[in-house]
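Peer 1: generate a structure from the sequence data that follows.
(chains A and B)
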Protein chains: 2
Amino acid sequence: MSTVDKQLDEITSTITDELPNDISVSDVTYEGPELVIYTRDPKKFARNGDLIRTLAGKLRKRITVRPEPDALTPPESARETVRSVIPDDADVSNVDFHEDTGEVVIEAAKPGMVIGRHGSTLREITQEVGWTPEVVRTPPIESSTVSNVRNFLKQEREERRDILERVGRQIHREEMSDGEWVRITTLGCCREVGRASFILSTPETRILIDCGDKPGSDDAPYLQVPEANPLNSIDAVVLTHAHLDHSALIPLLFKYGYDGPIYTTEPTRDLMGLLQLDYLDVAAKEGRSPPYDSAMVREAVKHTIPIEYGDVTDIAPDVKLTMHNAGHILGSAVSHFHIGEGHYNVAFSGDIHYDDTRLFNGAVNDFPRVETLVMESTYGGRNDYKTDQADSEERLVEIINETADRGGKVLVPSFAVGRSQEIMLVLEEAMRNGKIPEMPVHLDGMIWEATAIHSTYPEYLRDDLRDRIFHDDENPFLAPQFNHIDEGEDEREEVAAGDPAIILSTSGMVTGGPIMSWLEHLGADPDSTMTFVGYQAQGTLGRRIQNGWDEIPMNGGRGRSGTLNLELEVETVDGFSGHADRQGLENFVKTMNPRPEKVLCVHGDEQSVQDFSSALYHNYNMRTFAPKNLETFRFK
Amino acid sequence: MSTVDKQLDEITSTITDELPNDISVSDVTYEGPELVIYTRDPKKFARNGDLIRTLAGKLRKRITVRPEPDALTPPESARETVRSVIPDDADVSNVDFHEDTGEVVIEAAKPGMVIGRHGSTLREITQEVGWTPEVVRTPPIESSTVSNVRNFLKQEREERRDILERVGRQIHREEMSDGEWVRITTLGCCREVGRASFILSTPETRILIDCGDKPGSDDAPYLQVPEANPLNSIDAVVLTHAHLDHSALIPLLFKYGYDGPIYTTEPTRDLMGLLQLDYLDVAAKEGRSPPYDSAMVREAVKHTIPIEYGDVTDIAPDVKLTMHNAGHILGSAVSHFHIGEGHYNVAFSGDIHYDDTRLFNGAVNDFPRVETLVMESTYGGRNDYKTDQADSEERLVEIINETADRGGKVLVPSFAVGRSQEIMLVLEEAMRNGKIPEMPVHLDGMIWEATAIHSTYPEYLRDDLRDRIFHDDENPFLAPQFNHIDEGEDEREEVAAGDPAIILSTSGMVTGGPIMSWLEHLGADPDSTMTFVGYQAQGTLGRRIQNGWDEIPMNGGRGRSGTLNLELEVETVDGFSGHADRQGLENFVKTMNPRPEKVLCVHGDEQSVQDFSSALYHNYNMRTFAPKNLETFRFK
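Peer 2: As a prediction, this is how the structure comes out:
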């Protein structure tokens, strides 16, 4: 009998002792980090509101109770009961019964009303029909990504359960090693931006944190180093956020034999899928052969175990993971690892924004303990101080007004995820307040879809924005001026020939995508303005235009090869960023509670990490490092 | 066809083109780092003295020519010819024919006379009989270790040839990776003394340098880290010297699946075998179960490819190893790795002695190139300055005279390898010069055997000592006052009851071995003196006695349990050391040619490595590190 089975036997006795005699326990098992209790008496379970909480406290586990199939009301009649129990205002869009797990998935516009006060409605549902309710939000804007992911997971539910059981047994295996050491190996993003990837290891466990690509380069993280091999010796992958420089190569892991869990937030899972598929798309369009295919993206999604901000989750016998809002993009997380019993604590910042933005609350930097911080340094250079966003917003308003006065259009190359939504919020407010004239805002490329995903997860947005979406039905993303360009070239031509308008389009660095069409349509129009609101990397067309190039070689897909003479105005408004600037980075570390003993400065070019590392050392007397790729640090 | 076979085909054509038409080539193959050419015309080959040198230069390989069996004079008649060609003064003690390789091993007291001027006698032998002569020295003192090793290797010659062929193909495989990086992982001996072990790796190759135990502790090197696994992915083991804190766990590698070569000097191979077997012995006596058995020691010996100081040896497609005298113990080597085509150079100091001692020339610190130095720091502390050996010798002479005047004996606990021979040289000279009275010097424990091994390899000793052994037949180790205690307890009792004498006995830290008997015999004799000439580690009985303990609990093997009241004098003479002191370490680095850019200070306690690292940084403006175990550094 394996030690996990022994452990489960003991847990079963404890549960049986704890439960009233009239509640049966038919099975106890692990699924991922959770302990699942099967019972023939789900209704009685639900009636004793505190039972699960008491058990969870006693066993120090996250607990899910599942009914055995024969204890369930048949779906046809259960559906009616469910509908009648839930208030109509909840606006239920779908009720779906999963016989294999005894779950009923209820999709509603207002999940809170399905849950009820302290879960009272959920308990009532179980008491009535036996099924375990799971509530998901009806996306206010239809997101094909979200519905594809949900449908896919439903379809793969059985395999997923196998995965979860396997992972659960892995997590709860008996710890074989003492906690003598903690190591971090740098596989990428050291003295460079891009290809974020780290291995966090103990004698017992190996965890891969992020696995991104490097924009403008073929360099992948050093996955071939022994610390990461064989890949199936890795216990868990943790993804801090969905940007490709952190997530692009995660599907590759499955191609090369990884078969374990990915821990991340739910929005990151969906955004990751979206961006990875786009990554394959772009590669195909550019005639490069991508390193994996879409089946591997599906594997990644299937292996994802979503966790919520603040939930302490066992991911290995000796490691607990807690993710906290990082303020950078939707679902982005500062990832905190608690190793052993108070043995050591490491936080990986991922990418952060320290101050609140319109979209997000600022990054969390408050932890029970933390000895070592692995800290992004994108804007860690001594002069990387950013214009205030308020000033930038004013400048953007000015540009829009000037351009509209000339009768031109404002063309904004913009990253689909994050930057576009931030600008949308600026524009929506400016129009509402009359600072700029009402005019259409056209959203091209993946921006609409990314916006749909944002509005599916309002819990992950800034407090007041979430409240607007939750309580007031004032979802700013649904403002009427926003138009999704979904009819292709004809629609673009029409917009280009029409009245003043604002166009947000991908790609953000003018390296491809619909922005190229917009450039053809508007490039020669001296009344229009191209406005950069994001960083333009060396070597991109965006950077060249920013630097004043006005003869753009076009090998356009539609046969219009040749040179395009740019005559539109070019402006840069540089106060928008998903990243903290030097001040924000310093504040994040300075106000961190508790103060870390050691800081590894990563994810910045050579000069930035050196500047930042030396500043932290001199100003705050911390032991700081500017690692190179392929180094291994040992802690404890 | 494998790339190695293709390569060999090309080499064969080149050789055929280069050779006169009347010399046939029947096969060309790799054995370890050497290229072996088989011919039916060994005599003609030998006649063209420069042929091999020309080929070696052209192919940039080390070349051995082997005759095909049918081209050889039968052993019976060949033996007579060999004996007649070699001058009688060579004093040949054995002639042994190996039909599988076509080699004739000639053991002689004066190998130089077997070789002849520029190898003329060897060539004459081949011309006469076809066999390839290999010359070994008849040990001037019979060493059972040396003869056991030689007999064992002879017996295992066929398997050994298989190993060498396999290793040869590995070394000469096509290089699959670019030389983008060089990494060093610390598996032990960082911020501590003991369990020396490192991994040097490139994208193509992994090399393990040393694999020792930690005296007074069960801590082994961190062999379980991924950088060292699986063990059979390691290309080569390099051993800097035979001391157990560098060599003890090498046999364990073979138990756990390593099956590759060990590169080291010939005396280190023999000493390693001796010390490892003793290690097993001691463990058994102390009731500990050793981690491997003697079969694994034999595996280690069988897999050893000896290399000579200064020989540049290919050990991987991208790594050349050169060993240089380290001055520390017999065969000890500073190991220099040349990686790629001038790509990067790393030197591992191993343990060194910078100044000349009586036994050895000082450590070599002159290299074609070296960017990174991994440097021992045993005596790197700010106050680790040593008494001059000359002063120490005088003090030892004084103690001996005083003790002899009282009619007592001088009992010297001493490490068998190195320290004992150094003291023997001091005593031999002092008696020869009349500074101390002629009296017997008894050698107990492994000292005699270790001395025999030293005198087998005079090439590895200090120039003038080697010359005395070579040319003048004045081998000081053969001086008549030296007596090997080989009749056990009776002989000890007799010595203890007799006239003034000097006794050198193991173990050096009074942790076991015959020194315990001597302590029983002489401990209560106030006329005798116990004289420490080596470092006494914390926790050893030697350290306690040094600190003044005079009631020694004895749980003697011969039933004499109880307490021994020490009444003999206790003296410490601390200027003898196989290690450079702080000044010597600094001089080694300071005068190193070229000056290394980076220095990793290892093999010293926490304070010593910190002191030394900071001194090198401040005084010589080098980038220095004081690594912890389990860290990985990346170079290039």
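
Peer 1: quick one, what contacts the closest residue to residue A:403 other than its chain neighbours?
Peer 2: For residue A:403, ignoring the flanking residues on the chain, the nearest one in space by CB to CB, 6 or more residues apart in numbering or on different chains is residue A:529 at 4.5 Å. Bear in mind the C-beta positions are built from the backbone N, C-alpha and C, glycine included. With contacts defined as CB atoms under 8 Å, 6 or more residues apart in numbering or on different chains, the neighbours of residue A:529 are A:399, A:402-403, A:408-411, A:568-571.

Peer 1: now render those as CSV, adding secondary structure, pLDDT and neighbour count.
Peer 2: What follows is the contacts of residue A:529, written out as CSV (DSSP: H, G, I helix; E, B strand; the rest coil; pLDDT from 0 to 100; neighbours: other CB atoms under 10 Å in any protein chain shown):
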residue, secondary structure, pLDDT, neighbour count
A:399, helix, 98, 19
A:402, helix, 97, 15
A:403, helix, 98, 25
A:408, coil, 97, 20
A:409, coil, 98, 29
A:410, strand, 98, 28
A:411, strand, 98, 30
A:568, coil, 96, 23
A:569, strand, 96, 19
A:570, strand, 97, 16
A:571, strand, 97, 19
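
Peer 1: closest to chain B out of the residues you listed?
Peer 2: Nearest to chain B among the contacts of residue A:529, counting by CB to the nearest CB, is residue A:570 at 38.8 Å.

Peer 1: how near is the closest residue to the closest one other than its chain neighbours to chain B?
Peer 2: The spatial neighbour of residue A:570 that comes closest, neighbours along the chain excluded (CB to CB, 6+ apart), is residue A:530 at 5.1 Å. Relative to chain B, residue A:530 is positioned 39 Å away (criterion: CB to the nearest CB, to the nearest Å).

Peer 1: go on, residue A:227?
Peer 2: Residue A:227 sits 5 Å away from chain B when distances are taken as CB to the nearest CB.

Peer 1: residue A:171 and residue A:319 touch, don't they?
Peer 2: No - the pair residue A:171 and residue A:319 does not pass the contact test of CB atoms under 8 Å, sitting 9.0 Å apart.

Peer 1: with neighbour numbers in mind, choose between these two.
Peer 2: Neighbours were counted for residue A:171 and for residue A:319 using other CB atoms under 10 Å in any protein chain shown; residue A:319 has more, 27 against 23.

Peer 1: phi, psi for that one please.
Peer 2: Comment: the main-chain dihedrals of residue A:319 come out as phi -130, psi 130, following degrees, to the nearest 10.

Peer 1: contact partners for it?
Peer 2: A:200, A:202, A:205, A:207, A:235-236, A:337-339.

Peer 1: from those residues, which two are the most distant?
Peer 2: In the contacts of residue A:319, two members sit farther apart than any others by CB to CB. They are A:235 and A:338, at 14.9 Å.

Peer 1: surely residue A:167 and residue A:261 touch.
Peer 2: Yes - assessed by CB under 8 Å, residue A:167 is found in contact with residue A:261 at 4.8 Å.

Peer 1: from residue A:534, how far out is residue A:543?
Peer 2: Going from residue A:543 to residue A:534 by CB to CB, to the nearest Å gives 11 Å.

Peer 1: between these two, what contacts are shared?
Peer 2: When CB under 8 Å, 6+ apart defines a contact, the residues bordering residue A:543 and residue A:534 alike are residue A:509.

Peer 1: more crowded one of those two?
Peer 2: Summary of the neighbour comparison: residue A:543 and residue A:534, criterion other CB under 10 Å, with residue A:534 having more neighbours (23 against 17).

Peer 1: who in chain A is up against chain B?
Peer 2: Residues of chain A found near chain B, taking CB under 8 Å from any CB of the partner chain as the criterion, are A:181, A:183, A:185, A:201, A:203, A:224-229, A:233, A:628-634.

Peer 1: let's go with 7 Å and repeat that
Peer 2: If contacts are counted using CB under 7 Å from any CB of the partner chain, the residues of chain A sitting beside chain B are A:181, A:183, A:185, A:226-227, A:229, A:628-634.

Peer 1: tell me which entries of those residues lie within strands.
Peer 2: With strands identified by DSSP state E, the entries of the residues of chain A next to chain B that belong to them are A:183, A:185, A:632-634.

Peer 1: okay, among these, which ones form the most distant pair?
Peer 2: Looking across those, with CB to CB as the criterion, the two at the greatest separation are A:185 and A:634, at 10.0 Å.

Peer 1: more neighbours: which of those two?
Peer 2: Residue environment comparison for residue A:185 versus residue A:634 gives the larger neighbour count to residue A:185, 26 against 19, counting by other CB under 10 Å.

Peer 1: just checking, the more buried one touches residue A:223?
Peer 2: No - judged on CB atoms under 7 Å, residue A:185 makes no contact with residue A:223 at a distance of 10.9 Å.

Peer 1: all helices for the stretch 501-636 of chain A, in order.
Peer 2: Assigned by DSSP state H, counting those that start in this stretch, the helices in the stretch 501-636 of chain A fall at A:515-522, A:541-546, A:582-590, A:606-620.

Peer 1: only alpha carbons, please: show stretch A:614-634 as CSV.
Peer 2: Once side chains and other backbone atoms are set aside, the C-alpha atoms of stretch A:614-634 remain, and they are given as CSV (Å, rounded to 0.1, in the frame of the first residue of the first chain):
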residue,chain,number,x,y,z
SER,A,614,23.5,48.4,-7.0
ALA,A,615,20.9,50.9,-6.0
LEU,A,616,19.1,48.4,-3.8
TYR,A,617,22.4,47.4,-2.2
HIS,A,618,23.4,51.0,-1.5
ASN,A,619,20.1,52.4,-0.5
TYR,A,620,18.5,49.6,1.4
ASN,A,621,21.5,47.5,2.4
MET,A,622,20.2,44.3,0.8
ARG,A,623,22.3,41.6,-0.6
THR,A,624,21.7,41.9,-4.3
PHE,A,625,22.7,40.0,-7.4
ALA,A,626,22.6,40.6,-11.1
PRO,A,627,22.6,37.0,-12.3
LYS,A,628,23.6,35.7,-15.7
ASN,A,629,21.6,33.1,-17.5
LEU,A,630,22.6,29.5,-16.5
GLU,A,631,23.6,30.3,-13.0
THR,A,632,22.4,28.4,-10.0
PHE,A,633,22.0,30.1,-6.6
ARG,A,634,21.8,28.3,-3.4
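
Peer 1: related to what we said a few turns ago, I'd like the contacts of residue A:529 as JSON lines, with distance to residue A:419 appended.
Peer 2: Below are the contacts of residue A:529 laid out as JSON lines (distance: CB to CB, whole Å):
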{"residue": "A:399", "distance to residue A:419": "16"}
{"residue": "A:402", "distance to residue A:419": "22"}
{"residue": "A:403", "distance to residue A:419": "19"}
{"residue": "A:408", "distance to residue A:419": "22"}
{"residue": "A:409", "distance to residue A:419": "19"}
{"residue": "A:410", "distance to residue A:419": "15"}
{"residue": "A:411", "distance to residue A:419": "15"}
{"residue": "A:568", "distance to residue A:419": "20"}
{"residue": "A:569", "distance to residue A:419": "20"}
{"residue": "A:570", "distance to residue A:419": "18"}
{"residue": "A:571", "distance to residue A:419": "16"}
